[in-house]
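Engineer: Take a look and give me a structure for this.
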Amino acid sequence: MREFRPRGAASAGVLAGAVAVLAAANVLNNRVAPRLAPLTSVAATGALLALARRSGLSWSDLGFHRRARGLRIGGVLASAVAVVYGAGIAVPATRGFFRDERALSLSRARALEEALLQVPFGTVLLEEVGFRGVLHGLLTRSHGAGTATAVSSALFGLWHVLPAVDMMAANPALSRLAAGEAPAGETSRVVIGSVVATGFAGVFFCELRRRGGLAAPSLFHLATNSLGYLFARLVPPESGSGPGSEGGLGADRGLDRGDIRRTVS
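Structural biologist: Below you'll find the predicted structure:
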């Protein structure tokens, strides 16, 4: 005779399983095999959807609805991202925030791979389905939409601990913005700043999900990351910079294992 388990216990088990899948994918994508992130993320996304569907969530519960509206909202936001990025690299005072050595150190082919393969399938697919789809759907069913937004966004912030460490070397200007100029405790401040910022971003993405399903945050997320490669490579070189100088094309050549998708994902 099968043991009876309360629905709450079953939901908690599914939620724990989903968090475990995301945690494993995070380590694999950031530390073990970054180049295989599309394969890892597609597999993890499939596992998460299987867990959610077996638990009784519908496709609508998971955010696969309002596609036409979501595409319109996401398209407008993606266009806005392009305008903001263009203005950012045109103004000398903000140009440094777009100068990322991980993008500059890549060949054109590798940059295209990152923008067209790694970002859509290695980052956006898993993060949107995982956090705004599966986790949000599971938590909404058991605790309501408000709690779902708060918890999934907090976990989305924690997801960025490992990428924040990479950001320190690749984008010093953005790191100083997050941590300040004082060197003491810089790593902790960058990590905390990144977690808080991406947590708030998660809240915004959840609101987009509410208005336009997963299509809206996915398009915005995709534009934010993929266009980062284009605009990072369009940033004019700093005056007097050269190979090996800070911010120059030759700096930190070993960083090509990382990429922008782990900084703004």
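Engineer: low pLDDT regions in the stretch 101-250 of the chain?
Structural biologist: Applying pLDDT under 70 to the stretch 101-250 of the chain flags residues 168-185, 239-250.
Engineer: try it again with 80
Structural biologist: Within the stretch 101-250 of the chain, the ranges that satisfy pLDDT under 80 run 101-102, 166-187, 237-250.
Engineer: can you pull out the helices in it?
Structural biologist: 101-104, 108-113, 125-127, 136-143, 145-158, 161-170, 172-179, 186-212, 215-234 (DSSP state H, counting those that start in this stretch).
Engineer: so which of those comes closest to G88?
Structural biologist: Of all the helices of the stretch 101-250 of the chain, helix 215-234 sits nearest to G88, with 7.4 Å by Cβ to Cβ. To be clear about C-beta, it is placed using only N, CA and C from the backbone, and glycine gets the same treatment.
Engineer: hmm, back to that, just so I know, which of the helices of the stretch 101-250 of the chain lies nearest L62?
Structural biologist: In terms of Cβ to Cβ, the element of the helices of the stretch 101-250 of the chain nearest to L62 is helix 136-143, at 4.9 Å.
Engineer: same for that closest one, what does it pack against?
Structural biologist: helix 7-27, helix 145-158 (3 or more Cβ pairs under 8 Å, 6 or more residues apart in numbering; DSSP states H and E).
Engineer: Tell me the buried residues in the last one?
Structural biologist: Within helix 145-158, the residues that qualify as buried by neighbour count (16 or more other Cβ atoms under 10 Å) are 148-157.
Engineer: now for it, which elements pack on it?
Structural biologist: helix 136-143, helix 186-212.
Engineer: In CSV: these, plus distance to L62 and mean neighbour count.
Structural biologist: Putting the helices and strands packed on helix 145-158 into CSV (distance: least, Cβ to Cβ, whole Å; neighbours: other Cβ atoms under 10 Å) gives the following:
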stretch, distance to L62, mean neighbour count
helix 136-143, 5, 21
helix 186-212, 10, 19
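Engineer: would you turn these into TSV with distance to G86?
Structural biologist: Formatted as TSV, those follow (distance: least, Cβ to Cβ, whole Å):
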stretch	distance to G86
helix 136-143	32
helix 186-212	21
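Engineer: Let me know which of these is the nearest to L57.
Structural biologist: Among these, the nearest to L57 by Cβ to Cβ is helix 136-143 (4.9 Å).
Engineer: Can you pull out the residues in contact with the closest one?
Structural biologist: 8, 11-12, 14-15, 18, 52, 55, 57, 61-63, 147-149, 151-152, 206, 209 (Cβ atoms under 8 Å, 6 or more residues apart in numbering).
Engineer: Kindly report the same for stretch 203-223.
Structural biologist: Contacts for stretch 203-223 (Cβ under 8 Å, 6+ apart): 62-67, 69-75, 77-78, 81-82, 119-120, 123-125, 127-129, 131-133, 136, 145, 148-150, 152-153, 156, 265.
Engineer: Now a ChimeraX select for only the buried ones of those residues.
Structural biologist: In ChimeraX, a selection of the buried entries from those looks like this (16+ other Cβ under 10 Å):
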select :62,63,64,65,66,70,71,73,74,77,78,81,119,120,123,124,125,127,128,129,131,132,133,136,148,149,150,152,153,156,265
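Engineer: so how far is the first residue of stretch 95-108 from its last?
Structural biologist: 21 Å (Cα to Cα, to the nearest Å).
Engineer: Just the buried residues of that stretch, please?
Structural biologist: Those would be 96, 98-106, for stretch 95-108 by 16+ other Cβ under 10 Å.
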